[in-house]
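S.K.: Take this sequence and fold it.
(2 chains)
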Amino acid sequence: MKIAIASGKGGTGKSTVAANLAWALARSRDVALVDCDVEEPNLHLFFPAATTDVPVTTPVPVIDPARCTLCGECGKFCRFGALAVVKDCVLTFPHLCHSCGGCTLVCPQGAVREVPRTIGRIACSRPLSRLVLISGVLNEGEVQAPAVIRAAKARAEGHPLVIYDASPGIACPVIETLEGSDFCLLVTESTPFGLHDLRLAAEVAEEVGIPAGVVINRSDGEDAATVAFCRERGLPVLMTIPFSREIAAVQNRGGLIAALLPGWEERFIDLFAGVSP
Amino acid sequence: MIRLAVVSGKGGTGKTMVAAALADTSGVPQVLADCDVDAANLSLLLEPRRLTTEEFRGLAAARIDLGVCRDCGICADRCRFGAIVRRDDAWRVDPLHCEGCGVCAYVCPTGAVSMEPRVSGRICTSATDRGFLAHARLFPGSGNSGLLVTGVKKRAVALSEGADLLLADGPPGIGCPLIATVSGMDAVLAVTEPGVSALHDLTRLVTVCRRFGVRIFVVINRFDLVEDICARIEDYCEREGIRVAGKIPFDPAVVDAVREGRPVTRGDSPAAEALRALRDTLFAELGLP
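M.R.: Numbering: from 1, shown residues only, chains lettered A, B, ... in the order given. Below is the predicted model:
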């Protein structure tokens, strides 16, 4: 079983739901928790533990000046602007490279070869006896988030129960995270922003073709519009977390409400029951 | 013209609320850009009147002509993105994965693969009471969000004649869309909140912004929710030499204003007062009247 946790809007509580759900489930079973928000990974803050780091690399071109005739084919082919052929050499811009390998294919002289370049890392830890945390971390200034997400997910392959925490938004990093999941939990808040972006996130889950359910976070009781939207779209509302200063303070300090406030462990176990087939 | 982007690293810290308040109180000729193209919300607070809508074309996507395809599978073999998939006994392109690199079209021995333009969103311009707004909608699941951000900024610049300020509402994160937003800006205002996640994300954001040589300011939203972490944020900013240009208290008036679809500075409340003070501090720093 693989559960992805997503939201169009940022800061609705994806990591909160992911961390508490994983903690509650790990009391009685093995869980792999994967932080796929590789631009701003936060789950390790809830589960401090020593990590083993594995670099994530992608192939980028280097030019052999002895073979290069400055014919310009590589620069002409590259759609990403990662190679520019100038008067007496080929400039490479590895930050822009998508690692498609096209430049090596088109070079008539065999002057382009690829070398690995580190763009991030996977940090693995075992903060609890039955919980494995796998965090994807994109290096600052890099843009290839999907490659780091792929590497993080690959590390969790084979675990019977995996929870993916996605980044906000609706673009390629979210698709990369959702794919292969059995269920998508959409975390929202009951404001017009929350609802506007929930609508987009629900479209993404539909596009990828996985069933979804909703968690309403920081509810102040004014949830009617969100509930109506969910009913109309056939999305079950699986949990509602009220706004309270107490909950906010626990979370902002990196604490888990499932561990620290009474009743929440059971509620997260119930949430899982609502998700599993 | 001063170019200022409101950013945050962590999502949900209040970027759009702050951007709308600055737009509302700025008092200088300005143009607005919503660079959070994944989930564009600025227009929800500014009652925009739509002027133009255009299709946004990102990179092309591959298309296989099955009448010409000889089923050799070389394209699938060479595609590094897993975008050529076997379905219904034929090779097909999965547009969600196609990056538009063109390798498949290059290697196909029969010329069955072509690169075709694809529409991955819309760019719009609207008029608001506080200036023109360039904004966009990325189609769910599309790539190219960085390119779309660049498109929105270009549109805003095209509308900026006579403006003293280009004010952009940025995306969360530190990846492609954020980098596209920050590049070419004079200053960024990072909205954070007193939480360990927000502080962690702020430090990563600052590292990225430093590379662009932009001036960095911080505003702490809901600062009174966890005062000791707020103090840690202020310590961090002091060590980094970053000016904390404002602190906004937790205030139910903020959510009320969002529900009513207006900037919080249209009313009187502790948050509105703090946002007006933020505007004055920030504009003085930026040399705006």
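S.K.: alpha carbons only for contacts and neighbour counts from here, please
M.R.: Fine.
S.K.: my read: A:S181 touches A:I3, true?
M.R.: Yes: counting by Cα atoms under 8 Å, A:S181 does reach A:I3; the two are 5.7 Å apart.
S.K.: more crowded one of those two?
M.R.: A:I3 (23 against 20; other Cα atoms under 10 Å in any protein chain shown).
S.K.: which SS state does that one fall under?
M.R.: Per DSSP: H, G, I helix; E, B strand; the rest coil, the local secondary structure of A:I3 is strand.
S.K.: My read is that it contacts A:L186, right?
M.R.: No: in terms of Cα under 8 Å, A:I3 does not count as a neighbour of A:L186; the distance is 10.6 Å.
S.K.: So which residue is dead centre in chain A?
M.R.: A:C36 (2.4 Å; Cα atoms, centre = their mean).
S.K.: Hmm, A:R155 and that residue touching each other?
M.R.: No: judged on Cα under 8 Å, A:C36 makes no contact with A:R155 at a distance of 11.8 Å.
S.K.: Please identify every residue contacting each of the two.
M.R.: Shared contacts of A:C36 and A:R155, defined by Cα atoms under 8 Å, 6 or more residues apart in numbering or on different chains, are absent.
S.K.: Can you show me the helices along chain A?
M.R.: Using DSSP state H, the helices of chain A run over A:14-25, A:43-46, A:73-77, A:102-106, A:145-156, A:172-178, A:192-208, A:224-233, A:245-252, A:257-260, A:264-275.
S.K.: Now do the most far-flung residue of chain B relative to its centre against chain A, distance only.
M.R.: Among residues of chain B, the one most distant from the C-alpha centroid is B:R70; the distance is 43.4 Å, by Cα atoms, centre = their mean. With distances taken as Cα to the nearest Cα, to the nearest Å, B:R70 is found 21 Å from chain A.
S.K.: average pLDDT for the longest helix along chain B?
M.R.: Criterion DSSP H: the longest helix present in chain B is helix B:270-286. Averaging pLDDT along helix B:270-286 gives 98.
S.K.: Measure how far it is from the centre of its chain, please.
M.R.: Averaging C-alpha positions (Cα atoms, centre = their mean, to the nearest Å) puts helix B:270-286 22 Å from its chain's average.
S.K.: What separation do you get for the residue nearest to A:D30 when sequence neighbours are not counted and chain B?
M.R.: Setting aside the residues directly before and after it, A:D30 is nearest to A:R130 in space (Cα to Cα, 6 or more residues apart in numbering or on different chains), at 4.7 Å. Separation of A:R130 from chain B (Cα to the nearest Cα): 24 Å.
S.K.: Quick one: neighbours of A:R130, just the number.
M.R.: Using other Cα under 10 Å, A:R130 has 16 neighbouring residues.
S.K.: domain assignment for the chain?
M.R.: As the question left the chain open, I've gone with chain A. A:2-56+A:120-275, A:65-110 (automatic domain parsing).
S.K.: wrong one, I was asking about chain B
M.R.: Using automatic domain parsing, the domain ranges for chain B come out as B:2-57+B:121-286, B:61-117.
S.K.: possible to save the helices of chain A as TSV with distance to B:E238, mean neighbour count and mean pLDDT?
M.R.: TSV is the format used below for these (distance: least, Cα to Cα, whole Å; neighbours: other Cα atoms under 10 Å in any protein chain shown; pLDDT from 0 to 100):
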stretch	distance to B:E238	mean neighbour count	mean pLDDT
helix A:14-25	28	24	98
helix A:43-46	23	20	98
helix A:73-77	45	19	97
helix A:102-106	46	22	98
helix A:145-156	31	22	96
helix A:172-178	34	25	94
helix A:192-208	33	21	94
helix A:224-233	41	14	96
helix A:245-252	21	17	93
helix A:257-260	32	18	98
helix A:264-275	38	17	97
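S.K.: Make TSV from the ones you listed and add distance to B:A253 to it.
M.R.: Listed next are these as TSV, based on distance: least, Cα to Cα, whole Å:
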stretch	distance to B:A253
helix A:14-25	25
helix A:43-46	30
helix A:73-77	54
helix A:102-106	54
helix A:145-156	36
helix A:172-178	32
helix A:192-208	14
helix A:224-233	19
helix A:245-252	16
helix A:257-260	26
helix A:264-275	29
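S.K.: near chain B, which residues of the stretch 51-200 of chain A?
M.R.: A:77-80, A:99-102, A:140-145, A:168-172, A:174-175, A:191-193, A:196-197, A:200 (Cα under 8 Å from any Cα of the partner chain).
S.K.: swap the cut-off to 10 Å and go again
M.R.: Within reach of chain B by Cα under 10 Å from any Cα of the partner chain, the stretch 51-200 of chain A has these residues: A:77-80, A:98-103, A:105-106, A:138-145, A:147, A:167-176, A:190-194, A:196-198, A:200.
S.K.: residues in contact with the residue lying closest to B:V68 once chain neighbours are set aside?
M.R.: Excluding the flanking residues, the one nearest B:V68 by Cα to Cα, 6+ apart is B:A112, at 5.2 Å. Taking Cα atoms under 10 Å, 6 or more residues apart in numbering or on different chains as the criterion, B:A112 is in contact with B:63-71, B:104-105.
S.K.: So, low pLDDT: which residues of the stretch 51-200 of chain B?
M.R.: Along the stretch 51-200 of chain B, segments meeting pLDDT under 70 are nowhere present.
S.K.: quick one: the strands in it?
M.R.: B:61-64, B:84-87, B:90-93, B:113-116, B:119-128, B:131-138, B:165-169, B:187-192 (DSSP state E, counting those that start in this stretch).
S.K.: Which one of those lies nearest to A:V204?
M.R.: Proximity to A:V204 (Cα to Cα) singles out strand B:131-138 among those, at 11.4 Å.
S.K.: The closest one pairs with which strands, parallel or anti?
M.R.: strand B:30-34 (parallel), strand B:119-128 (antiparallel) (DSSP bridges).
S.K.: export the last one as PDB, just CAs?
M.R.: Put plainly, it is strand B:119-128. Taking Å, rounded to 0.1, in the frame of the first residue of the first chain, the C-alpha atoms of strand B:119-128 are listed here in PDB:
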ATOM      1  CA  VAL B 119      -0.400  24.200 -24.600                       C
ATOM      2  CA  SER B 120       0.500  23.800 -21.000                       C
ATOM      3  CA  GLY B 121      -1.300  26.800 -19.500                       C
ATOM      4  CA  ARG B 122      -2.700  30.300 -20.000                       C
ATOM      5  CA  ILE B 123      -1.300  33.700 -19.400                       C
ATOM      6  CA  CYS B 124      -3.800  36.500 -18.500                       C
ATOM      7  CA  THR B 125      -3.700  40.200 -17.900                       C
ATOM      8  CA  SER B 126      -6.300  41.900 -15.700                       C
ATOM      9  CA  ALA B 127      -7.000  45.300 -14.500                       C
ATOM     10  CA  THR B 128      -7.300  45.900 -10.800                       C
END
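S.K.: Return the backbone torsion pair for the residue nearest to B:V68.
M.R.: phi -80, psi -10 (degrees, to the nearest 10).
S.K.: hang on, the earlier thing: pretty sure the residue nearest to the centre of chain A contacts A:V174?
M.R.: Yes: A:C36 is within contact range of A:V174, at 8.5 Å (criterion: Cα atoms under 10 Å).
S.K.: still on that earlier bit, dump the contacts of B:A112 to CSV, plus distance to A:I122.
M.R.: Formatted as CSV, the contacts of B:A112 follow (distance: Cα to Cα, whole Å):
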residue, distance to A:I122
B:R63, 34
B:I64, 36
B:D65, 40
B:L66, 40
B:G67, 44
B:V68, 43
B:C69, 40
B:R70, 41
B:D71, 38
B:C104, 30
B:A105, 34
